[in-house]
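**Student:** fold the following for me, if possible:
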Amino acid sequence: MARDQIDMTPLSSRDELVAWIAAGEKPKDQFRLGTEHEKTPFRLKDHGPVPYEGPQGIGALLTGMQHLLGWEPIIEQGNIIGLYDVTGGGAISLEPGGQFELSGAPVETVHHTRAELVAHLAQVREVAAPLGIGFLGLGMTPSWSRAQVPVMPKGRYKIMTNYMPKVGSLGLDMMYRTCTVQTNLDFSSEADMVKKLRVSLALQPVGTALFANSPFTEGKPNGFLSFRSEIWRDTDNNRAGMLPWAFEDGMGYERYVDYALDVPMYFIKRGDTYIDVAGSSFRDLFAGKHPAVPGEQATLSDWANHVSTIFPEVRLKRYLEMRGSDCGPWERLPALPAFWIGILYDDASLEAAWQMVKGWSAEERQQARDDVPRLGLKAKVGNRTLLEIGRDCLDLARAGLKRRNRLDRNGRDESYHLEPLERIVAAAQTPAEELLCKFHGPWNGSVDPVYREYVF
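**Tutor:** Modelled structure (predicted):
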């Protein structure tokens with residue numbers, strides 16, 4: 001989750017909200033990619049959760065990272081809650097249950113993303129190992145109850161924790177027990193944004209299936225391959241989902257702004273204070289008629305923060321965020337940007353993907369989204385399985401990356417980063433099914449070995 005914005009420019013018209021998104025447009029030669037991933041810290045000695053406080057807590061881990069990296073700390077109410085690189089690199093932040101997130105810098109190639117990830121994990125291990133902390137590469141904590149998970153000292157999370165049970169049954173699980181990997185990609189124009197948004201929304205269930213990696217809850221199989229994806233189906237349907245209207249005529253920046261204006265807010269921030277406005281619309285604040293802050297004018301940072309609390313399968317900000325995938329072992333993480341830029345950043349692959357998905361109905365797209373948490377690659381769009389569609393997508397991604405021809409120092413293009421996904425498709429088995437085979441086989445019905453085999 002990005003740092004809260006602090007631009008207090010007052011807003012006076014809807015056009016400014018549209019312009020804020022449109023300002024993300026970039027010429028194609030300036031396209032970048034950013035990768036974010038969350039990982040669950042755990043105590044190496046007993047595989048229990050890591051509290052924020054104490055000499056071996058998350059606060060101490062962040063302080064150690066600050067000393068190692070020289071990054072600026074993000075402080076809230078006297079607590080260190082994140083770090084950022086003032087030179088424009090990445091940022092480290094905490095999710096509600098202590099999930100440790102790297103928001104990577106905008107980089108030119110998947111090779112850069114992989115190098116950034118390797119460096120980050122080496123740095124984290126250097127600080128975490130003496131504290132007795134390890135990190136787990138799964139989509140959901142496999143053994144802890146929600147009550148066992150520590151709560152991070154962040155004002156926005158207190159507001160969200162109070163609000164979530166009012167709008168869905170699984171929102172607190174999303175906040176405290178899940179981990180994702182996502183990639184953020186650029187667009188060159190409104191038309192380019194719309195095409196990429198539609199293709200990536202339609203194909204997001206494929207990304208969910210390929211990365212499905214959350215089959216355990218509190219030590220037992222939960223009946224799903226991506227329970228993290230299932231959780232999003234009952235977190236808050238006013239701010240999540242497949243955005244069926246994005247496929248209708250007239251889709252563009254303005255349509256997304258109108259959607260965002262009606263998504264309920266969580267908070268507004270004034271100085272260091274979070275003001276709970278959960279459930280109210282941005283429209284009221286925008287009109288200066290918000291009952292919690294009468295006469296208060298909406299600011300640019302209110303808008304930027306609000307847009308960051310909308311959680312569809314693909315999110316539009318000043319770039320597009322692919323949000324459908326579970327976290328996994330570190331080798332798999334660069335495969336996500338490779339998959340999406342191979343399809344979306346190459347004109348021929350993007351057009352071929354659009355031809356593949358444009359005939360799918362809203363009902364078919366939604367059915368795939370609803371089925372994929374349980375069925376994984378066996379879920380269908382029409383009469384085709386996500387395994388078959390995924391195979392076609394990987395072909396498009398590989399071809400797109402080869403045409404991009406961005407070589408590493410060994411002369412390899414970015415397509416080699418797809419190899420973990422190609423192995424999944426070749427085996428016709430999601431990562432979660434591999435975990436379940438281990439659980440029912442060599443792990444003898446215990447999830448405990450996951451803390452050894454899937455540690456970062």
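**Student:** can you point out the buried residues in the lengthiest strand in the chain?
**Tutor:** If you go by DSSP state E, the chain has its longest strand at strand 33-43. Using 16 or more other CB atoms under 10 Å as the test for burial, strand 33-43 gives L33, G34, T35, E36, H37, E38, K39, T40, P41, F42, R43. C-beta: built from backbone N, CA, C; applies to glycine.
**Student:** quick one: that strand to chain centroid distance?
**Tutor:** Mean-position distance between strand 33-43 and its chain equals 10 Å (CA atoms, centre = their mean, to the nearest Å).
**Student:** pLDDT averaged over that strand - what is it?
**Tutor:** For strand 33-43, mean pLDDT rounds to 98.
**Student:** before we move on, what about stretch 198-217?
**Tutor:** Mean predicted confidence for stretch 198-217 is 98.
**Student:** related to what we said a few turns ago, what is the longest strand of the chain packed up against?
**Tutor:** Here strand 33-43 touches strand 100-103, helix 110-128, strand 133-136, strand 180-185, helix 335-344, going by 3 or more CB pairs under 8 Å, 6 or more residues apart in numbering; DSSP states H and E.
**Student:** about what we covered before: closest to S308 out of the buried residues of strand 33-43?
**Tutor:** Distance to S308, by CB to CB, is smallest for E36 among the buried residues of strand 33-43, at 12.0 Å.
**Student:** surely that closest one is in contact with G104?
**Tutor:** Yes - assessed by CB atoms under 8 Å, E36 is found in contact with G104 at 6.4 Å.
**Student:** low-confidence bits of the chain, can you list those?
**Tutor:** The model of the chain has pLDDT under 70 over residues 1-6.
**Student:** what residue in it is the furthest from its centre?
**Tutor:** Residue farthest from the centre of the chain, counting by CA atoms, centre = their mean, is G295 at 34.9 Å.
**Student:** D371 - how many residues pack around it?
**Tutor:** 17 (other CB atoms under 10 Å).
**Student:** so what's it up against?
**Tutor:** Residues in contact with D371 (CB atoms under 8 Å, 6 or more residues apart in numbering) are P205, A379, K380.
**Student:** can you confirm it is in a helix?
**Tutor:** Yes - using DSSP: H, G, I helix; E, B strand; the rest coil, the secondary structure at D371 is a helix.
**Student:** please report how far it lies from K378.
**Tutor:** 8 Å (CB to CB, to the nearest Å).
**Student:** after the longest helix along the chain, heading C-terminal, what element do we hit next?
**Tutor:** What stands out as the longest helix in the chain, according to DSSP state H, is helix 190-211. Moving toward the C-terminus from helix 190-211, the next helix or strand (DSSP states H and E) is strand 216-217.
**Student:** strands paired with that following strand, and their directions?
**Tutor:** Partners of strand 216-217 in the sheet, by DSSP bridges, are strand 220-221 (antiparallel).
**Student:** name the residues that touch the strand it pairs with?
**Tutor:** P215, L436, F439, V447.
**Student:** in helices only, show me those.
**Tutor:** With helices defined by DSSP H, the entries of those inside them are L436, F439.
**Student:** report the buried members of the contacts of strand 220-221.
**Tutor:** The neighbour count (16+ other CB under 10 Å) marks P215, L436, F439, V447 as buried among the contacts of strand 220-221.
**Student:** can you tell me which of those residues lies closest to P27?
**Tutor:** P215 (42.9 Å).
**Student:** M356 and T183, how far apart?
**Tutor:** Separation of M356 from T183 (CB to CB): 20 Å.
**Student:** can you show me the strands along the stretch 351-456 of the chain?
**Tutor:** Under the criterion DSSP state E, counting those that start in this stretch, the stretch 351-456 of the chain carries strands at the ranges 380-381, 384-385.
**Student:** would you reformat the ones you listed as a markdown table and include distance to I133?
**Tutor:** Formatted as a markdown table, these follow (distance: least, CB to CB, whole Å):
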| stretch | distance to I133 |
| --- | --- |
| strand 380-381 | 42 |
| strand 384-385 | 40 |
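**Student:** before we move on, what SS does A105 have?
**Tutor:** The three-state assignment at A105 reads coil, by three-state DSSP.
**Student:** wait, isn't it in contact with G90?
**Tutor:** Yes - using CB under 8 Å, A105 is in contact with G90, at 4.7 Å.
**Student:** picking that back up, let me know which of the strands of the stretch 351-456 of the chain is tucked in deepest.
**Tutor:** Ranked by mean neighbour count under mean count of other CB atoms under 10 Å, the strands of the stretch 351-456 of the chain are led by strand 380-381, which reaches a mean of 21.
**Student:** same for that strand, what does it pack against?
**Tutor:** Using 3+ CB pairs under 8 Å, 6+ apart: strand 380-381 touches helix 362-375.
**Student:** what's the local residue count around M356?
**Tutor:** A count of nearby residues for M356, using other CB under 10 Å, gives 18.
**Student:** please name the nearest non-neighbouring residue to it.
**Tutor:** Computed as CB to CB, 6 or more residues apart in numbering, the closest residue to M356 that is not its neighbour in sequence is D392, at 6.6 Å.
**Student:** just checking, that neighbour touches V357?
**Tutor:** No - using CB under 8 Å, D392 is not in contact with V357, being 10.5 Å away.
**Student:** looking at these two, which is more packed in?
**Tutor:** Legend: neighbour count by other CB under 10 Å for D392 and V357, higher for V357 (19 against 15).
**Student:** got a list of what that one touches?
**Tutor:** Listed by CB under 8 Å, 6+ apart, the contact set of V357 reads R198, V199, A202, L203.
**Student:** please repeat the previous calculation with a cut-off of 7 Å.
**Tutor:** V199, A202, L203 (CB atoms under 7 Å, 6 or more residues apart in numbering).
**Student:** list just the nearest of those to E95.
**Tutor:** Nearest to E95 among the contacts of V357 is L203, at 25.6 Å by CB to CB.
**Student:** look at that closest one and say how many residues are nearby.
**Tutor:** 31.
**Student:** W303 versus S13, what's the distance?
**Tutor:** Remark: distance between S13 and W303 (CB to CB) = 12 Å.
**Student:** these two: who's more crowded?
**Tutor:** W303 (24 against 9).
**Student:** quick one: that one and L17 touch, right?
**Tutor:** Yes - look at W303 against L17 with CB atoms under 7 Å: they come within range, at 5.9 Å.
**Student:** tell me which residues of stretch 440-448 come out buried.
**Tutor:** Of the residues in stretch 440-448, W443, V447 count as buried by neighbour count, 16+ other CB under 10 Å.
**Student:** try stretch 276-296
**Tutor:** Those would be 276-278, 280-286, 290, 293, 296, for stretch 276-296 by 16+ other CB under 10 Å.
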